[in-house]
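Engineer: A predicted structure for the sequence below; I have some questions about it.
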Amino acid sequence: MSQKVLIVDDEEGIRESLKLILGDFYELILTDSGENALEVLKNAKDVGVILLDIKMRKVHGLDILKEIKARHPKIHVIMVTGYKSVETASEAARLGASGYIVKPFKSEEILTAVKKAINNVSV
Amino acid sequence: MFQFNPFIPSIFCAFFILLSGSFVLFKNPKSKVTQSFFFSTVATFIWLSTYSLANNLNLNTDQQTLLLRIGYCGVSFISIFYFSLSASFINIQNLKLFTYFNFCYGIVIALIILKTNYIVNDIYYYPWGIYPKAGNFHPLFLIYFMFLIVAGLIIGAIELSNKQDNKKFTHLKYIVFSSSIYSFACVDFMPNYGINIYPIGFIFATLFSLTIFYGIIKYQLMEVHVIIKRGLIYSIILTLISIIFLTSTIIFEKIFQGFLGYKTLTASLITTILILILTNPLRTKLQFTIEKSLFKSSSFEAIEENELLRKEVANTERLRAIATLASGLIHEIRNPLTSLTVFAEQLQSRKNDPEFLDKCQKIFLKETGRVNELLTQLLTFAKPTPPSLQRIDPEQLINDTLLLLSPQVESQGIKIERTFPKNQLITADPNQLKQAFLNIILNALDAMPNGGIMSIDTNIQNNYYVISIKDTGLGIAEKDLNHIFDPFFSLKEKGTGLGLAITHGIIEQHKGKITVKSQITKGAEFNVFLPLA
């Protein structure tokens, strides 16, 4: 079963960029908020990896991470942030994030991180 | 067997003085003032400790002479470091060369003291102990010693009469005062000339250190900040009183026994009770004095302290604001930067895909435009232009602002209610104020995507023209209310988070204030207070 990648970011530009990088290799679901992401996860059962923005306007990415991990512990969540701080990085790790990518990212970084996560899921 | 002599207490004082100098240096090691103070305490320590050792150790005459000579080197450096302390505190550049000259002089004098008999020659044997005898050139040495002490005091006193700055004045006052006390230690030169005077210089040296210490605790003398706790001070007092109590008990008991000639428990009991009665008021008195002199400050000091605290709080707030601004700015710029990077990366491999090229162009224009808009807003926020004030009709201004937004108001089906007092004019910059209201009203409209009521009421309260803008929208959560005016704090999908920060800045520039009340799902109310005068 192919693993879908869920992209959660409130910035259209970032969603489009991630779509451009991953679109040729994976089936993608794009959402603009954490709440929508949780909604998507209720219905879509084959999401293997989530790329989750940390600083979103409505609900903080780390709160969403907590929710996702509580409901779907097997899904790999890679946090994406524009502002890396030791506190958020360690908090993300503590909450079970599989990776931490800082913007502006390169295509290769995203591809490698998602590939790694998908492989882990398959194992 | 030790015999009581002035050099026994002086060794304790020597250690205390050295400790105080080391403490001050440890607290502020880079200051020239603390360095000079420290070295003057080292010189004092050498003087007091060697004299004490020469008197209290079982040594032969040669060894005693050597120790006294070393001690005298310490004495010669006291005036040099004292002068350098005054000079560095006042920070007179012209005295630098003179200070260096003095150090060289000190080294030469030390060599003369150690190797020849010109300054120290032989030993005097007094009933209270041994003491160095002045050599033929000692008067010259003494004159220069006194010259440095007096010069230090004079430059301090001159500076004291010129100082306007309160804090520096107090500090200088302490330095001059403590040094004046120390200068009394010069009585210790008398026994050098055969005058049988008990050398009590160590008492003045200790008082010097104690005064400096007091100055540090109360006035951050030498920029050394010490936080003292009441508990600690009272523990020290209690210990001191206990020591006084015990010593007095023992002494009085001995006196009683001497007079009465018998050893019974009654004598000890009577003395204990007597001393207990005597020390209790002493304790209260001491406690009161300490409380008054250390913890209670004059109204001027209280104002100064409050001002310092206020500045500290403002500084912390400013740093917090900068941190928020920086993290917000990084976030706002890195997002478009990421899109631009990714699209640029993909350009080479997808250059023949017209759909990609179309999207690429849109993204490039959108994201660069966004950064530009952000920078414009940031500039408005960071460098606000001073308001160009004129008499305006606020009612007209709000109506004009609403007119600008009428398409959005209509499309969202929002009803507007307004109440204005008649013909009230205020002094303000119409363009800036329009921008401020635009930001508030836009927020209100964005909070009511599915329609609602926006009421704009104005009234006059205590010399302020108050504009109240209420909506029936989504409301703001309590945790977000405190951050609503922070730059880059936004609850909106497409907000930069600068709108309300700019509004806040504009209202502040008009010497007014802005407040917000809200509850989640129950709408929000912004109140803008503008001075009438």
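Structural biologist: Noted; the coordinates are in hand.
Engineer: Now do the helix or strand where B:Ser20 lies: everything it contacts.
Structural biologist: B:Ser20 belongs to helix B:7-27 when assigned by DSSP states H and E. Residues outside helix B:7-27 that contact it (CB atoms under 8 Å, 6 or more residues apart in numbering or on different chains): B:2, B:34-35, B:37-42, B:44-45, B:47-49, B:51-56, B:129, B:202-203, B:205-206, B:208-210, B:212-213, B:216, B:222, B:224-226. Yep, even glycine has a C-beta here, placed from its N, CA and C like the rest.
Engineer: From the residues you listed, keep the buried residues only.
Structural biologist: B:34-35, B:37-42, B:44-45, B:47-49, B:51-55, B:129, B:202-203, B:205-206, B:208-210, B:212-213, B:216, B:222, B:224 (16 or more other CB atoms under 10 Å in any protein chain shown).
Engineer: List the ones among those that fall in strands.
Structural biologist: Within these, residues falling in strands by DSSP state E are B:Gly129.
Engineer: in the one helix or strand B:Met454 maps to, what counts as buried?
Structural biologist: Taking DSSP H and E as the definition, one finds B:Met454 inside strand B:452-461. Residues B:Gly452, B:Met454, B:Ser455, B:Ile456, B:Asp457, B:Thr458 are the ones in strand B:452-461 that count as buried (16+ other CB under 10 Å).
Engineer: low pLDDT regions in the stretch 401-533 of chain B?
Structural biologist: Along the stretch 401-533 of chain B, the parts satisfying pLDDT under 70 run over B:422, B:492-495, B:533.
Engineer: those strands in it, which residues are they?
Structural biologist: B:414-419, B:426-428, B:452-461, B:464-471, B:513-518, B:524-531 (DSSP state E, counting those that start in this stretch).
Engineer: Go through those and name the closest to B:Phe485.
Structural biologist: B:Phe485 lies closest, by CB to CB, to one member of those: strand B:513-518, at 7.4 Å.
Engineer: that older thread, any idea how far the helix holding B:Ser20 is from the chain center?
Structural biologist: 26 Å (CA atoms, centre = their mean, to the nearest Å).
Engineer: Next: stretch B:391-402.
Structural biologist: Worked out by CA atoms, centre = their mean, stretch B:391-402 lies 48 Å from the chain centre.
Engineer: And for stretch B:203-215?
Structural biologist: 23 Å.
Engineer: Secondary structure element holding the spatially most central residue of chain A?
Structural biologist: Nearest residue to the geometric centre of chain A (CA atoms, centre = their mean): A:Leu51, 1.5 Å. Here A:Leu51 sits within strand A:47-53, counting by DSSP H and E.
Engineer: Isn't B:Leu68 up against B:Asp122?
Structural biologist: No - with contacts counted by CB atoms under 8 Å, B:Leu68 stays clear of B:Asp122, the gap being 9.7 Å.
Engineer: quick one: which of these two has more around it?
Structural biologist: More crowded of B:Leu68 and B:Asp122, by other CB atoms under 10 Å in any protein chain shown: B:Leu68, with 24 against 12.
Engineer: Enumerate every residue touching the nearest residue to that one once chain neighbours are set aside.
Structural biologist: Of all residues not flanking B:Leu68 in the chain, B:Pro132 sits nearest, at 4.4 Å (CB to CB, 6 or more residues apart in numbering or on different chains). Neighbour list for B:Pro132: B:Thr65, B:Leu68, B:Arg69, B:Gly71, B:Tyr72, B:Val120, B:Asp122, B:Ile123, B:Tyr124, B:Asn192 [criterion: CB under 8 Å, 6+ apart].
Engineer: do B:Ala205 as well
Structural biologist: So B:Ala205 contacts B:Cys13, B:Ile17, B:Thr44, B:Leu48, B:Tyr182, B:Ala185 (CB under 8 Å, 6+ apart).
Engineer: where does the fourth one land on pLDDT?
Structural biologist: The one in question is B:Leu48. For B:Leu48, the pLDDT comes out at 91.
Engineer: my guess is it meets B:Phe202, correct?
Structural biologist: Yes - judged on CB under 8 Å, B:Leu48 makes contact with B:Phe202 at a distance of 5.5 Å.
Engineer: Using PDB, write out every CA atom in the helix or strand that contains A:Lys69.
Structural biologist: Element membership for A:Lys69, per DSSP H and E: helix A:61-71. The C-alpha trace of helix A:61-71 is given here as PDB (Å, rounded to 0.1, in the frame of the first residue of the first chain):
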ATOM      1  CA  GLY A  61       2.200  23.100  15.300                       C
ATOM      2  CA  LEU A  62       3.400  21.500  18.500                       C
ATOM      3  CA  ASP A  63      -0.100  21.200  19.800                       C
ATOM      4  CA  ILE A  64      -1.200  19.500  16.600                       C
ATOM      5  CA  LEU A  65       1.800  17.200  16.800                       C
ATOM      6  CA  LYS A  66       0.700  16.200  20.300                       C
ATOM      7  CA  GLU A  67      -2.900  15.500  19.000                       C
ATOM      8  CA  ILE A  68      -1.600  13.500  16.000                       C
ATOM      9  CA  LYS A  69       0.700  11.400  18.100                       C
ATOM     10  CA  ALA A  70      -2.000  10.700  20.600                       C
ATOM     11  CA  ARG A  71      -4.400   9.500  17.900                       C
END
